[in-house]
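In: got a structure for you, letters missing:
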């Protein structure tokens, strides 16, 4: 008889109530939020609606362009509009497999049209460490 445990959902390992930024906010503001909270990914919202995702890497890329003033340019110019989003009940293995396949740095967790969490590669490492410990450590 197999003693396999059910695969946990993304909800167990996601970072809840993630920080986000408004579409019209500046690149400088996005940097400040990232620095303040020690994060590298920010969902970009307009009202409550998810419009995109901006990463530290996106910011650096846009800021390396000539004539870009981080205090004047909005995150809308730097964000990616292709966002991998999942529901909180999505199984961990499916999300991680998709992230690996498409080289996504994060998954935005949505419930009832609202951002409820974010699951980044750092969360993947934390989940792996915990699963290896709980399943393999005797």
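Out: All right, it came through fine. Because the structure is a prediction, the values reported are computed rather than measured. Numbers count the residues shown, from 1 in each chain.

In: so how far is stretch 119-136 off the chain centroid?
Out: Relative to the chain's own centre, stretch 119-136 is displaced by 16 Å; criterion: C-alpha atoms, centre = their mean, to the nearest Å.

In: Over to stretch 54-67?
Out: With C-alpha atoms, centre = their mean, you get 18 Å for stretch 54-67.

In: In what element of secondary structure is residue 122 found?
Out: helix 121-136 (DSSP states H and E).

In: List the buried residues in that helix.
Out: 121, 123, 124, 127 (16 or more other C-beta atoms under 10 Å). Placement of C-beta: from N, CA and C, glycine included.

In: Which stretches in the chain count as helices?
Out: Listed in chain order, the helices of the chain (DSSP state H) span 27-37, 56-63, 92-102, 121-136.

In: May I have the predicted confidence score for residue 48?
Out: At residue 48, the model reports a pLDDT of 85.

In: do the same with the one 10 residues further on
Out: At residue 58, the pLDDT value in this model is 94.
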